[in-house]
Each structure stands twice: as C-alpha cells, then as structure tokens.
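Asker: with the input below, show me the fold.
(one chain, ligands or ions: 1)
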Amino acid sequence: MHLQKENRITKRLYGQCDLFCATSLFYFHKDSVVQHLIHQLKYKGKEEIGNWLGNWLGEKIKTVQDFQKTDIVIPVPLHKNKLKKRGYNQVALFGKCLARILQAEYIDDVLIKVKTNTTQTQKDLWSRFADSKDIFSIQNGDKIKGKNVLLVDDLITTGATIESCYNQLIKIENVRVGLATMAYSLLHN
Ligand SMILES: O=P(O)(O)OC[C@H]1O[C@H](OP(=O)(O)OP(=O)(O)O)[C@H](O)[C@@H]1O
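Answerer: Predicted coordinates:
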C-alpha cells in the first residue's frame, strides 16, 4: 500500500484528512493472525510486538519518497487513566522504530487524549464518529510547527480516531500529516 499515493486508506479518509502519505502493514480480518497479534500487543502485555512490526514496516517505507519527508512521528495517545492501567501505549515502540528508521523525531507530548471514550471495538459507525469528536487536544504545539508529522496507530476501522487526531494536528501552523498503522480493517468498506 505504501507504494501507492492513492490507496484504500487515502480513499477511506477522502474529504476528511489530506495526508502526505498513508499506509498500513496488514489488512485486518476478524479471527485472523493479525487480530490475534494486536490483541496480544494491547491486552496481554506483549509490548515487544510493536518493535517487530515497526521494524517490518520501517524497512518497507524507508525508501519511499513521501515517507522520507517525515520529520516527526506521533503516536495516537491513550488517556492517562488507560495508560496507567495498560502500562504502556501499544503503539509507542512501533512509532519509535519508525522514527529511528525514517531518521525522524518521536514526540509523544504534543497530541494528548483529554477525554476517555469507551472502546471503539464494539460500536457501530455512527457512534465511533460521535464518540471520537473532541477527545484529543494539542499542547506544546510549537514543537511541530511547519513539520511533516507521521501519525501512528494500531488499527484503522472507520477512521474516526485518525480524523479526530488529524483535526487537532492541523490546528498548528503549516503542519502536514501522514499516517502509518499496523492494520487496516476492511469491515466498513
Ligand atoms: O478507526 P476507528 O473506528 O476510530 O477505530 C480504531 C481505533 O479503535 C481502537 O481504539 P479503542 O479506543 O477501541 O482502544 P481500546 O481497545 O484501547 O479501548 C484502535 O486502537 C484504534 O485507535
């Protein structure tokens, strides 16, 4: 997907997010190995899976011109309560690997999650968008002024989470946003 500037992700987010690059390492299907992997990473303490997936995707995108434009990698944040409970952000190692390989900076104190939403996983499309609105915010915005930011997450389903993050990031002057995720769900296509 990383080789096509227009791909399933940019099409899904068309009109919502204008991205300088977008890719996902895997497609996500219910009851698949990928679902199992992400489940282990998120809920079973297998944090190191993020490293492995980050290196894997990093090696694929490091020679692609659009991804080379990345200055900063920013993870979709967890709310502080969830971070405390889980012990780690499941996309942190993934993002750090991508930052290292793309020779970019990893920054996790600009985009923050200010409201808790209930897990997206059990919701219909409308609720996902309604509940994702205004749950993120920006602090220390100067750090990303004029930069190309690669936003990273584990999974895109409807794109509501990404759109909500995107809308915050572009509030900062001359920020451009790209996207890299571990998996992309075809469920809502
Ligand atoms: O594209 P979307 O429809 O927005 O869904 C994708 C989002 O849903 C999940 O988060 P969730 O808030 O459910 O995380 P949790 O499992 O930690 O509660 C996942 O980690 C993505 O961030």
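Asker: quick check: which element contains Tyr166?
Answerer: Taking DSSP states H and E as the definition, one finds Tyr166 inside helix 160-169.
Asker: roughly how far is stretch 162-182 from the heart of the chain?
Answerer: Offset of stretch 162-182 from its chain centre (C-alpha atoms, centre = their mean, to the nearest Å): 9 Å.
Asker: and that stretch, end to end?
Answerer: Taking C-alpha to C-alpha, to the nearest Å, stretch 162-182 runs 13 Å from one end to the other.
Asker: C-alpha coordinates for the top helix by length along the chain, CSV please?
Answerer: Using DSSP state H, we find that the single longest helix of the chain is helix 49-61. C-alpha atoms of helix 49-61 as CSV (Å, rounded to 0.1, in the frame of the first residue of the first chain):
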residue,chain,number,x,y,z
ILE,A,49,5.3,-7.0,19.2
GLY,A,50,5.3,-3.2,18.5
ASN,A,51,9.1,-3.3,17.9
TRP,A,52,8.8,-6.2,15.5
LEU,A,53,6.0,-4.6,13.5
GLY,A,54,7.7,-1.2,13.5
ASN,A,55,10.9,-2.6,12.1
TRP,A,56,9.0,-4.6,9.5
LEU,A,57,7.0,-1.6,8.2
GLY,A,58,10.0,0.7,8.6
GLU,A,59,12.1,-1.4,6.2
LYS,A,60,9.3,-1.2,3.6
ILE,A,61,8.8,2.5,3.7
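Asker: buried set for that helix?
Answerer: 49-50, 53-55, 57-58, 60-61 (16 or more other C-beta atoms under 10 Å). C-beta coordinates here come from the backbone N, C-alpha and C atoms, glycine included.
Asker: next one: stretch 60-69
Answerer: 60-61, 66-67, 69.
Asker: how far out from the middle of the chain is that stretch?
Answerer: Mean-position distance between stretch 60-69 and its chain equals 17 Å (C-alpha atoms, centre = their mean).
Asker: hang on, the earlier thing: got the buried residues of stretch 60-69 as JSON lines, with distance to the ligand and pLDDT columns?
Answerer: Putting those into JSON lines (distance: C-beta to the nearest ligand atom, whole Å; pLDDT from 0 to 100) gives the following:
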{"residue": "Lys60", "distance to the ligand": "21", "pLDDT": "96"}
{"residue": "Ile61", "distance to the ligand": "20", "pLDDT": "97"}
{"residue": "Asp66", "distance to the ligand": "22", "pLDDT": "96"}
{"residue": "Phe67", "distance to the ligand": "21", "pLDDT": "97"}
{"residue": "Lys69", "distance to the ligand": "24", "pLDDT": "97"}
